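Chemist: Attaching a predicted model along with its sequence, questions to come.
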Amino acid sequence: MPAAIDKDLKKEILKLPTGEKDKLLLRLIAKDKDLVERLHFVLIEGETTTEERRHELKEKIAQTANGHYTHPDGWMLKALRSLTSAITHHVKITKDKYGEVELNLYLLTAFFNVQPSQFAHLNHHNQNSCTFVAKKAESILKKLQKIDPDYYIEFETDVNQALDFIHSYGPVFYARQIGLPKEWKP
């Protein structure tokens with residue numbers, strides 16, 4: 001947690017000449033990679049590249065889902081977590097709440113469609129992946145509540161397909177534990 005600036009120091013900083021304040025500000029900003037990327041997105045890109053960034057992330061998800069995974073709790077789980085981090089980073093930079101739901105849902109459906117055998121039955125090779133999938137679905141449902149209800153129609157089919165998959169295959173055990181619904185009705 002950043003240290004608080006006391007009132008006296010704040011007053012003295014505000015009295016500094018503009019050029020000196022600008023140099024200090026630039027030095028501080030340069031230390032935070034995410035802040036630099038956020039400022040670039042807002043100031044240089046004009047927040048117009050959200051769709052492009054979302055599309056690039058979808059391509060990365062599709063490419064990763066097509067990988068060859070022998071054990072779901074190994075490289076596949078690592079890939080799922082890495083992609084989740086990439087989605088979180090995208091949202092942190094772009095503040096794209098719609099994209100957060102869309103990309104997380106796409107992540108699940110991409111792996112379900114390409115790697116269905118990895119989730120077919122719950123066993124010791126996929127229990128962590130099945131837990132991850134159930135919790136990710138729960139997270140998506142919570143995020144859906146935070147976006148404009150006008151978008152619900154766009155997600156209804158994919159959400160219900162994902163829930164159907166989860167309740168028909170290995171993740172069902174964990175889905176029941178966390179109370180994941182079998183169907184989402186907006």
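Modeler: Yes, it's here.
Chemist: Quick check: the gap between E51 and P171.
Modeler: 31 Å (C-beta to C-beta, to the nearest Å). Every residue, glycine included, has its C-beta placed from N, CA and C.
Chemist: Going by neighbour count, which residues in whichever strand or helix holds F155 are buried?
Modeler: When elements are defined using DSSP states H and E, F155 is found to belong to helix 152-168. Applying a neighbour-count criterion of 16 or more other C-beta atoms under 10 Å, one finds F155, D158, V159, A162, L163, F165, I166, H167 buried in helix 152-168.
Chemist: Just give me the closest of those residues to L105.
Modeler: When the buried residues of helix 152-168 are compared for distance to L105 (C-beta to C-beta), D158 wins out at 5.2 Å.
Chemist: So this structure: which segments form each domain?
Modeler: 17-48, 49-178 (automatic domain parsing).
Chemist: First-to-last residue distance for the shortest one?
Modeler: Domain 17-48 has an end-to-end distance of 34 Å (C-alpha to C-alpha, to the nearest Å).
Chemist: got it, and the last one?
Modeler: Length of domain 49-178, first residue to last, C-alpha to C-alpha: 37 Å.
Chemist: neighbour count winner among E51 and P171?
Modeler: P171 (28 against 11; other C-beta atoms under 10 Å).
Chemist: where does this structure dip in pLDDT?
Modeler: By pLDDT under 70, the weakly predicted segments of the chain are 1-2.
Chemist: Which SSE is immediately downstream of the helix or strand hosting L24?
Modeler: Element membership of L24, judged by DSSP H and E, is helix 18-30. The first helix or strand that comes after helix 18-30 along the chain, using DSSP H and E, is helix 33-39.
Chemist: for that next one, packing partners?
Modeler: Under the contact criterion of 3 or more C-beta pairs under 8 Å, 6 or more residues apart in numbering; DSSP states H and E, helix 33-39 touches helix 18-30, helix 77-94.
Chemist: what would these look like in JSON lines with distance to E102 and mean neighbour count?
Modeler: What follows is the helices and strands packed on helix 33-39, written out as JSON lines (distance: least, C-beta to C-beta, whole Å; neighbours: other C-beta atoms under 10 Å):
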{"stretch": "helix 18-30", "distance to E102": "30", "mean neighbour count": "10"}
{"stretch": "helix 77-94", "distance to E102": "10", "mean neighbour count": "16"}
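Chemist: just so I know, which of those lies nearest H68?
Modeler: Each of the helices and strands packed on helix 33-39 has some distance to H68 by C-beta to C-beta; the shortest is helix 77-94, at 11.2 Å.
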